[in-house]
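Novice: Below: sequence and its predicted model.
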Amino acid sequence: MAHRSHALSMVAVLTLLVSILASYPRSAQSIGVCYGLNGNNLPSQADVVKLYQSNGITGMRIYGADSATLTALKGTNINLIMGVDLSEASSPSAADTWVKNNVKPYPDVSFKYIAVGNEVSGGDVSNILPAMQNIYNSLSSAGLSSIQVSTSVSFGVVGTSYPPSAGAFSSDASYMSSIVQYLASINAPLLANIYPYLSYASNTGQISLDYALFTAPGTVVTDGSNNYQNLFDAQVDALYSAMEKVGGSNVGLVISESGWPSAGGTGTTMVNAQTYNQNLINHVGKGTPKRSTALETYIFAMFNENEKSAGIEQNWGLFNPDQSPVYSITFN
C-alpha cells in the first residue's frame, strides 16, 4: 500500500505541475522578429533563417513575398506574417494570381497571417478593406483558409488614448470601423505597430523614460480598476477600447512591430534598446490590464539596415549584418 500511495501522490504532484505549466504565460512562444531587406550587406536568407532557429525565434514578419526567404523557411515551423501591397490585391484576379504565385507553392511554410498593407495612409485607406476581402476570398478558394487575413496599422489611427478606457479612433481613421467589423466577421486579429519609443521621443516632457522602458517602480496611470506601470500596456489597451467602440469587442490584437533604436536619436542607447526589448519579451505573455490574453508580438527588427534613412531608421536591429548581436537578448 505504501508503494501505491506514493505512486498516487506522485501522480497528483505531476498533475498539479502540468496544470501550473499550462496556465503559465508562454511569452517565448509569442515572440517573433521582423525581417527587413533594406541593406546591401545582409546575410543570405538561408543564413538568416538559421539565425532565427539558433536563437529560438519562433515567428518572422516579412514585408513582401520573397522567394529566397520562403524557400529557406520550408519545414522550419517558424510562424510567418507576410505582407502584400494593396496594388497586388486590387482585384479578385490580382489576388488570385498573388496567392497562386506566392503562397500555394510553399505548403511547408507556416503562413499565419497575410498583412494587407502596412500603415496605409492618405487616399489609399479606402482600398484596404476591398484588398483584404480579395485576399481572404483567394485563400479560401485555394483551400488555404487556415491563413488569417488582416492589415497592419500604426498607433496613429487612435485619436484619443488617455486614459486607455477612453481610447477611440481618430476622425481621420473612420475607415477603421468597417475593417474592425470585417475582422470580427472572419475571426481574425488586427495587426498593430506599437512604439512607446516614438511617443516618448516626441514628448519627453510628459512621458518618463522608465514608463516607456517597463522600468517604472509603480503605477503611473490609474484608469478605473486598471493600473498602468508601462506605456506599452496603455497604448495596447487604448487600441482595444477603440475597437470595442466600433463593434470589435471580440477582435484580438497582434503586435506586428515594436522595438527601440540603439542609436541616432533621443534616448537611443544600446542599454535602453536592450532594456525595452528584453522587458517586452518578458512581459507580453501576461497580456495587459484590460485583457490578460498573451500578446503575440514581433520585435522590429532583425538587422540594422544601412539602406534606410540615416539616424534611428538604421538602428533598430537586434543583430548586425555580420550576424553578431548588437546587444545581448534572450528569447526564452
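Specialist: On my side now, so go ahead.
Novice: element containing Val49?
Specialist: Secondary structure here is read from DSSP states H and E; on that basis Val49 sits in helix 45-54.
Novice: What lies in contact with that helix?
Specialist: Outside of helix 45-54, the residues that reach it under the criterion CB atoms under 8 Å, 6 or more residues apart in numbering are 33, 35, 42-43, 60, 66, 68-69, 71-73, 76, 78, 302, 319, 323. From N, CA and C alone the C-beta is placed, and that goes for glycine too.
Novice: how does it look with 6 Å?
Specialist: Judged by CB atoms under 6 Å, 6 or more residues apart in numbering, the contacts made with helix 45-54 from elsewhere in the structure are Ala68, Thr69, Ala72, Leu73, Ile78, Gln323.
Novice: Could I get the average pLDDT for it?
Specialist: Looking at helix 45-54 alone, the average pLDDT works out to 98.
Novice: Using CSV, write out every CA atom in the next helix or strand after that helix.
Specialist: Towards the C-terminus, the helix or strand next in line after helix 45-54, according to DSSP H and E, is strand 59-62. What follows is the C-alpha trace of strand 59-62 in CSV, where atoms were taken according to Å, rounded to 0.1, in the frame of the first residue of the first chain:
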residue,chain,number,x,y,z
GLY,A,59,8.0,33.9,-35.6
MET,A,60,9.0,36.1,-38.6
ARG,A,61,7.5,39.0,-40.3
ILE,A,62,8.4,39.9,-43.9
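Novice: hang on, isn't Tyr298 packed against Gly36?
Specialist: No: counting by CB atoms under 6 Å, Tyr298 sits too far from Gly36 to count as a contact (11.6 Å).
Novice: The two: which has the busier surroundings?
Specialist: Relative neighbour count places Tyr298 above the other of Tyr298 and Gly36, with 26 against 19, counting by other CB atoms under 10 Å.
Novice: in which helix or strand would I find that one?
Specialist: Per DSSP H and E: Tyr298 is located in strand 297-299.
Novice: picking up where we left off before, only the buried subset of the contacts of helix 45-54, as a ChimeraX command please.
Specialist: Written as a ChimeraX command, the selection of buried residues from the contacts of helix 45-54, which uses 16 or more other CB atoms under 10 Å, is:
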select :69,72,73,78
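Novice: from the contacts of helix 45-54, which is closest to Val246?
Specialist: Ile78 (33.2 Å; CB to CB).
Novice: So for that closest one, what's the pLDDT?
Specialist: Looking at Ile78, its pLDDT reads 97.
Novice: residues contacting it?
Specialist: For Ile78, the contacting residues are Tyr52, Met60, by CB under 6 Å, 6+ apart.
Novice: Next: Asn79.
Specialist: For Asn79, the contact set (CB under 6 Å, 6+ apart) comprises Gly59, Ser110, Lys112.
Novice: Could you confirm the last one falls within a strand?
Specialist: Yes: under the criterion used here (DSSP: H, G, I helix; E, B strand; the rest coil), Lys112 sits inside a strand.
Novice: List the strands paired with the strand holding Tyr298, with their directions.
Specialist: With DSSP bridges as the test, strand 297-299 is paired with strand 31-34 (parallel), strand 253-258 (parallel).
Novice: mean confidence score for the last one?
Specialist: Mean per-residue pLDDT for strand 253-258: 98.
Novice: Need the residues that contact the helix or strand just after that strand.
Specialist: Per DSSP H and E, the first helix or strand lying C-terminal to strand 253-258 is helix 270-283. Residues outside helix 270-283 that contact it (CB under 6 Å, 6+ apart) are Ile31, Leu213, Phe214, Trp260, Ser262, Ile299, Tyr327, Ile329.
Novice: Cool, thanks, signing off.
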